[in-house]
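K.L.:
Build me a structure from this.
(one chain, ligands or ions: 1)
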Amino acid sequence: MTLKNKKIILGITGGIAAYKCAELVRRLKERGADVRVVMTNGAKQFITPLTMQAVSGNPIGDSLLDPSAEAAMGHIELAKWADLVLIAPATVNVIAAINAGLANDLLTTLCLATSAPIAIAPAMNQQMYRASVTQQNLASLELRDIRIWGPGSGEQACGDVGLGRMLEPMQLVELVEQHFVPPQPKFKILITAGPTREAIDPVRYISNHSSGKMGYALAKAAHKLGGQVTLISGPVSLATPDNVERIDVVSAQQMHQAALSKAPEVDIFIGCAAVADYRPATISDQKIKKNDDDMVITMIKNPDILADISTSASARRPFCVGFAAETQDVEIYARGKLQRKKLDLIAANNVAIAGQGFNSDQNALTLYWENGQLDLPLADKEQLATTLMLEILNHFHKKS
Ligand code: C5P
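P.N.:
The predicted structure is shown next:
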C-alpha cells in the first residue's frame, strides 16, 4: 500500500489516451490512494463519467458551476483536499491554459487554487508536441515546479510515429509512488541542547538557566534544510520539533554517553547544550539534612562531550561546531575553545547582555573559524538558527 491515504485528483482532458485512465485509477486505488476524477468536456468524448465514477468510487467533477457538486465538495475544498494533482492525458490545450493561468473550467481552476504539487502527462500528436509554442509552455511550467511526466515515444493513434504518447498507466503509477517517497536526507546531524542536572541528593541538583531554545531551533532548521536530525536534550519544557529524533537525558554523564554512541553515525555534531562542567563527587542516597551552618560539596569535572567527539581519532569524526556563552572577552575565550577543543566552528555570544542568549527568545552570535569570523546580528532564535545552519552547511561542504 505505497499510496495509502494519499489523496489524488486525476484530471482527464480530451485525448485518445483517456481510455487508459480507468486502468490508471484502478492501479492507484490498489495501492491505497483515494482518487477523485475531474473531467473536461473533451475527456467525456473519450471515456464516460460513469466509468470513471465506478472505478474511482467517487463522484466525478466536471463543472465549475454545478450547484449540487459545489454543495457536496466545492472546488476550493477539492483543491485543498488534494496531495497531488495529476493531469493525464494532458492535451496541448490544457498545457497552454495552465501556463496562461486561465481558470475557465473546473480543472484549470483547481490548478490555480491548489497548493498541492501538479504533475502532467502530455499526450498529443508528435508534431504538436514538437511545436515551439508547446515546448515553451512546457519549459515554463517546469520552471514553476510543475512536473512533466513523459511523453513516451512510439506509434500514435493518428498513425504518426514519435514523441507524444501518454506514459502507460503503470509508468505513471511508479512516478506517483516515487513522488511520495520521502527524499533521502542530505546530511545527518546530532545536536545537544538544554541544561544538564547534576544530582546532589534524591531531591536536589545543580543546573543552569539554559532553556534549550537555541538547540531546538537548530534542530528544526536542520530538518527544514534536508537533515536527518537527532537531538539529545537535557530537561527542558519544549515540544520536540517535527521529524526530529529526540533522546532525553538528565546528567552530563548521560549526555556524554548518548552523544558518543551516536556521533560516529552523523556528518555534523553541534554541541549546543549548556553542560555542567562539574558534578558533585558523591550523590547522597538520602536527602541531606540541614544540621550544620555551612556545607561543602566537593565537585569533580564532567567529561567534555564536544572535545571528546572532536578530538576522537575515529575516521567517522563528524564536523564539529561548539557554542561559547561568555560574559566577557568573547573573542579571546571563543577562539581559545576553538583551538583547545579542535573545533571546525564556534558560535559565540555574550550572555551578559540583557535580552539575548540564555533563556531568551532572541540571540546574536559571532561565528569563528580558523581564519575568519562572521557576525550574525540579533534576531529571533528560530531565524538565527536558519542563518547559522546555512553557514554551518556551507563550511561543512567546503571541508568535505
Ligand atoms: O568549555 P565550555 O563549556 O565553555 O564550552 C562550551 C561548548 O562545549 C558548548 O558547545 C558545549 O555544548 C560544549 N560542552 C560539552 N561538554 C561539556 C562542556 C561543554 O560538550 N562538559
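K.L.:
how about the residues of the stretch 101-250 of the chain near the ligand?
P.N.:
Within the stretch 101-250 of the chain, the positions near the ligand by C-beta under 6 Å from any ligand atom are Thr192. In short, each C-beta sits where N, CA and C put it, glycine included.
K.L.:
can you tell me the residue of the stretch 101-250 of the chain closest to the ligand?
P.N.:
Thr192 (5.7 Å; C-beta to the nearest ligand atom).
K.L.:
what's the burial count for that residue?
P.N.:
30 (other C-beta atoms under 10 Å).
K.L.:
Now the residue positioned nearest the centre of the chain. Nearest residue, chain neighbours left out?
P.N.:
What sits nearest the mean C-alpha location of the chain, by C-alpha atoms, centre = their mean, is Lys224, with 4.1 Å. Spatial nearest neighbour of Lys224, excluding adjacent residues (C-beta to C-beta, 6 or more residues apart in numbering): Thr386 at 7.1 Å.
K.L.:
Reduced to three states, what does that neighbour come out as?
P.N.:
At Thr386, secondary structure determined by DSSP: H, G, I helix; E, B strand; the rest coil is helix.
K.L.:
Now do the helices for the stretch 301-400 of the chain: every range, in order, please.
P.N.:
Shown for the stretch 301-400 of the chain, the helices assigned by DSSP state H, counting those that start in this stretch span residues 305-310, 330-340, 381-399.
K.L.:
which one of these lies closest to the ligand?
P.N.:
Of all these, helix 305-310 comes closest under C-beta to the nearest ligand atom, at 3.3 Å.
K.L.:
Show me what the closest one packs onto, helices and strands only.
P.N.:
helix 252-262, strand 268-271, strand 319-326 (3 or more C-beta pairs under 8 Å, 6 or more residues apart in numbering; DSSP states H and E).
K.L.:
Pipe these into TSV and attach mean pLDDT and distance to the ligand per row.
P.N.:
Shown next, in TSV, are these (pLDDT from 0 to 100; distance: least, C-beta to the nearest ligand atom, whole Å):
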stretch	mean pLDDT	distance to the ligand
helix 252-262	98	6
strand 268-271	98	3
strand 319-326	95	4
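K.L.:
Packed most tightly, which of those would that be?
P.N.:
strand 268-271 (a mean of 26; mean count of other C-beta atoms under 10 Å).
K.L.:
Just the C-alphas of that strand, formatted as PDB.
P.N.:
Presented in PDB, the C-alpha positions along strand 268-271 are these (Å, rounded to 0.1, in the frame of the first residue of the first chain):
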ATOM      1  CA  ILE A 268      27.800  17.100  11.700                       C
ATOM      2  CA  PHE A 269      27.800  17.500  15.500                       C
ATOM      3  CA  ILE A 270      26.600  20.700  17.200                       C
ATOM      4  CA  GLY A 271      27.300  21.000  21.000                       C
END
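K.L.:
which residues sit against that strand?
P.N.:
Identification of contacts with strand 268-271 by C-beta atoms under 8 Å, 6 or more residues apart in numbering yields 187-192, 215, 218, 227, 259, 263, 305-306, 309-310, 318-323, 392, 396.
K.L.:
Report the contact partners of the closest residue to Asp145 other than its chain neighbours.
P.N.:
Spatial nearest neighbour of Asp145, excluding adjacent residues (C-beta to C-beta, 6+ apart): Pro117 at 7.3 Å. Taking C-beta under 8 Å, 6+ apart, we find Pro117 in contact with Leu84, Val85, Asp145, Ile146, Arg147, His179.
K.L.:
what sits against the second one?
P.N.:
For Val85, the contact set (C-beta under 8 Å, 6+ apart) comprises Ile8, Ile9, Gly11, Leu110, Cys111, Thr114, Ala116, Pro117, Ile118, Ala119.
K.L.:
That one is in what secondary structure piece?
P.N.:
Counting by DSSP states H and E, the element that carries Val85 is strand 84-90.
K.L.:
That strand - what's its average pLDDT?
P.N.:
Averaging pLDDT along strand 84-90 gives 98.
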